[in-house]
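> Sequence first, predicted coordinates after that:
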Amino acid sequence: MTDFYAEAQKLFPYSQSIRRDLHMHPELGYQEVRTAGVIAQELRKLGLEITTGIAKTGVIGMIEGAKPGPVVMLRFDIDALPIHEETGAEYASQNPGVMHACGHDGHTAIGLTVARLLNEHRDEINGAIKLVFQPAEEGMGGAERMVREGAMEAPNPAHSLGLHIWNDNAIGWLGIAPGPVMAGAAIFKAIVTGKGGHAAAPHLTIDPLLAAAQIVTAAQGIVARNVNPQKAAVVSFTTIHGGDAFNVIPQQVEMTGTIRYFEREVRDLVFARFEQITDSVAQGLGCQATVEIQDLTPAVVNDPTVTESVKRAAQATLPGHPIDERGHFTMGSEDFAYFQQKAPGTYFFVGSNNPEKGLHYGHHHPKFDFDEGVLPRAAGLMAASAVELLRAKTSY
């Protein structure tokens, strides 16, 4: 197999320049106009067939191999977050209040580097590569919309691959495991309505704040007492809003938060219990409650056969890099799951932190940054994984 890591290292100046340019010009979901323009321009330079405007700002590029075979889809997310950057880096965001705090600038640079690598090795490709640059991954439904608008059709991929640079682990670490690796996610809004009034006369009111406090406490028992301890789930309240004055008991309180899970049966159980507890506690304290739960994405579940193929590619391309095969997973969510539903695939992680350089802050932190040495590692591994998967697929 071609030494894609060595070739990606030679392209490091290109990868770094793309990454830093995108980092300085971050764009939120469905607003990635400049980012999409950079992607389209770079793919056109390679002479690739491209499609733009999928899910508004998504871009798709096709690399046709020299030999017939199936199609493998490679996905790279491109959006930023509404966070004010505090890194102090020379390439810090020039867009106030918007920041690449999750590494999607790196993912885009990796994707464009992979495009260059694979385009140079069309003769090794048994089939075709579909490069999908996806907008609005950060909870805005970008993947689902791309699928709905035909991203997984004409041609239809047989398998899918995705990656995330991972600041929870040091550069050199790889997380490649079959089965569930990222949680399904939902958001909820619960509104508790009582009877407002003067805080000095609480007996004349029906206090929704008291009910809301009890609901928050009671809901923690869902995971502790209803979910099988051998399974995983999270119920987190993240906002509570009610009242405008210190001496007024409000009429209404609104609470929002998130629910995370890996298995459908756990999801259904948690949703049902959450609604039951919210309604019954509110009624028990004389209030009324309404609950809205909205699914964001299913769980990311890696296909065992595709995962073995990625591991073979990693062992050949990045020898000496430890592979975490112990079922590495996180309760964080990823809408790559929607692509997996159409084309079974694997989502893997590439360690990117470096405490010696001060690059150890977690994802979504205003000081988030990563060791750019991850760029050639991730690009080399993705390119090698695509070629290995197509080779294995056509040798069955």
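Here it is on my side, so go on. Residues are numbered from 1 along each chain as shown.

> CA atoms for contacts and neighbours, from now on please.
Will do.

> Given whichever strand or helix holds Gly127, what are its sheet partners and their directions?
Secondary structure assignment for Gly127, by DSSP states H and E: strand 126-134. According to DSSP bridges, strand 126-134 has the following sheet partners: strand 58-64 (antiparallel), strand 67-77 (parallel).

> Next, format these as CSV and append mean pLDDT and mean neighbour count.
Shown next, in CSV, are the strands paired with strand 126-134 (pLDDT from 0 to 100; neighbours: other CA atoms under 10 Å):
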stretch, mean pLDDT, mean neighbour count
strand 58-64, 97, 24
strand 67-77, 96, 22
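
> Would you reformat those as a markdown table and include distance to Thr217?
Compiled in a markdown table, those are given as follows (distance: least, CA to CA, whole Å):
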| stretch | distance to Thr217 |
| --- | --- |
| strand 58-64 | 42 |
| strand 67-77 | 36 |
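
> quick one, which of these is nearest to Glu90?
For the strands paired with strand 126-134, proximity to Glu90 was assessed by CA to CA; strand 67-77 is nearest, at 23.5 Å.

> Output that closest one in CSV with nothing but the alpha carbons.
The C-alpha trace of strand 67-77 is given here as CSV (Å, rounded to 0.1, in the frame of the first residue of the first chain):
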residue,chain,number,x,y,z
LYS,A,67,-10.9,0.2,-12.0
PRO,A,68,-14.6,-0.5,-11.5
GLY,A,69,-16.0,-1.2,-8.0
PRO,A,70,-18.2,0.2,-5.3
VAL,A,71,-18.3,3.7,-3.9
VAL,A,72,-17.0,4.7,-0.4
MET,A,73,-18.2,8.0,1.1
LEU,A,74,-15.9,10.1,3.2
ARG,A,75,-17.5,12.8,5.3
PHE,A,76,-15.9,16.0,6.7
ASP,A,77,-17.9,18.6,8.7
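
> Mind listing residues that contact it?
If you take CA atoms under 8 Å, 6 or more residues apart in numbering as the criterion, strand 67-77 is touched by 104, 107-108, 111, 123, 125-137, 155-163, 336, 386, 389-390, 393-394.

> Could you write me a ChimeraX select line covering just the buried ones among those residues?
The ChimeraX selection below is limited to those of these classed as buried (16 or more other CA atoms under 10 Å):
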select :104,107,108,111,125,126,127,128,129,130,131,132,133,134,135,136,137,156,157,158,159,160,161,162,163,336,386,389,390,393
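
> Looking at the strands paired with strand 126-134, which is nearest to Pro26?
strand 67-77 (12.5 Å).

> Same question for the helix or strand immediately after the closest one in the chain: list its buried residues.
Moving toward the C-terminus from strand 67-77, the next helix or strand (DSSP H and E) is helix 104-119. Neighbour-count burial for helix 104-119 flags 104-119 (criterion: 16+ other CA under 10 Å).

> Make sure His164 is indeed in a strand.
Yes: counting by DSSP: H, G, I helix; E, B strand; the rest coil, His164 is located in a strand.

> Return the per-residue confidence for the closest residue to it other than its chain neighbours.
Using CA to CA, 6 or more residues apart in numbering and skipping the chain neighbours, the partner closest in space to His164 is Phe349 (5.0 Å). Looking at Phe349, its pLDDT is 97.

> Show me what Phe349 bridges to in the sheet.
Residues in beta-bridge contact with Phe349 (DSSP bridges): His164, Gly175.

> Now do the strand holding Gly127 against helix 104-119, angle only.
Strand 126-134 runs at 160 degrees relative to helix 104-119, counting by axes from the mean of the first three to the mean of the last three CA atoms, to 10 degrees.

> So what touches the following helix or strand past strand 126-134?
Downstream of strand 126-134, the next assigned helix or strand under DSSP H and E is helix 142-148. For helix 142-148, contacts defined as CA under 8 Å, 6+ apart pick out 29, 54-55, 58, 134-137, 152, 335-336, 338-339.

> So which of the strands paired with strand 126-134 is nearest Asp168?
Using CA to CA, those put strand 67-77 closest to Asp168, at 18.9 Å.

> what's the distance between that closest one and the middle of its chain?
20 Å (CA atoms, centre = their mean, to the nearest Å).

> now swap in stretch 359-375 and tell me
15 Å.

> How about stretch 123-136?
19 Å.

> What average pLDDT does that stretch get?
95.

> Stretch 268-284 now?
So the average pLDDT for stretch 268-284 ends up being 98.

> Of all the residues in it, which ones are buried?
Quick answer for stretch 268-284 (16+ other CA under 10 Å): 270-271, 273-275, 277-279, 281-282.

> Could you tell me the per-residue confidence at the residue nearest to Phe12 when sequence neighbours are not counted?
Of all residues not flanking Phe12 in the chain, Pro376 sits nearest, at 6.3 Å (CA to CA, 6+ apart). You'll see Pro376 listed with a pLDDT of 98.

> Assumed Pro376 was part of a helix.
Yes: according to three-state DSSP, Pro376 belongs to a helix.
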